[in-house]
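Enquirer: Below are the sequence and a predicted model; questions follow.
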Amino acid sequence: MKKINLDKILEEQGSVRKFVGVAPEGFILVHEKTLQDLQDFEIWKEWKSGLRNIGEMNKENFETT
């Protein structure tokens, strides 16, 4: 049986992990602050060009709330 390292999971995914399985397959939940951030053209441009990641932005916003 594979050993699960909970400390590592919490360190890497934090509070975002508690929402896994809530959204339908193929969708992700996006923090309201992440959506507001994407309204900034510069941030949107970085996301569109692959310099930013929605998952990472979500993680940052969930950790600050």
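Expert: Thanks, I have the structure now. Treat the numbers as computed from the prediction; the structure is a model and nothing was measured.
Enquirer: And residue 35, how far from residue 1?
Expert: 40 Å (C-beta to C-beta, to the nearest Å). The C-beta positions use only the backbone N, C-alpha and C, and glycine is treated the same way.
Enquirer: Neighbour count: those two, which is higher?
Expert: residue 35 (12 against 3; other C-beta atoms under 10 Å).
Enquirer: Average pLDDT for the helix or strand hosting that one, rounded please.
Expert: Residue 35 belongs to helix 32-38 when assigned by DSSP states H and E. Averaging pLDDT along helix 32-38 yields 94.
Enquirer: contacts for that helix?
Expert: The contact list for helix 32-38, computed with C-beta atoms under 8 Å, 6 or more residues apart in numbering, reads 43, 44, 47, 54, 57, 58, 61, 64, 65.
Enquirer: what about the biggest helix by length in the chain, average pLDDT?
Expert: Assignment by DSSP state H gives helix 54-64 as the longest helix of the chain. Computed over helix 54-64, the mean pLDDT rounds to 82.
Enquirer: and if you look at stretch 41-51?
Expert: Stretch 41-51 comes out at a mean pLDDT of 95.
Enquirer: Output the contacting helices and strands for the longest helix of the chain.
Expert: Under the contact criterion of 3 or more C-beta pairs under 8 Å, 6 or more residues apart in numbering; DSSP states H and E, helix 54-64 touches helix 32-38.
Enquirer: Nearest to residue 12, out of the contacts of helix 32-38: which one, please.
Expert: Here the nearest of those to residue 12, counting by C-beta to C-beta, is residue 58; it sits at 13.3 Å.
Enquirer: Roughly how far does the closest one sit from residue 4?
Expert: For residue 58 relative to residue 4 (C-beta to C-beta), the value is 23 Å.
Enquirer: Check residue 60 too.
Expert: 25 Å.
Enquirer: Which one's more surrounded, these two?
Expert: More neighbours surround residue 60 than the other of residue 60 and residue 4, with 15 against 8 (other C-beta under 10 Å).
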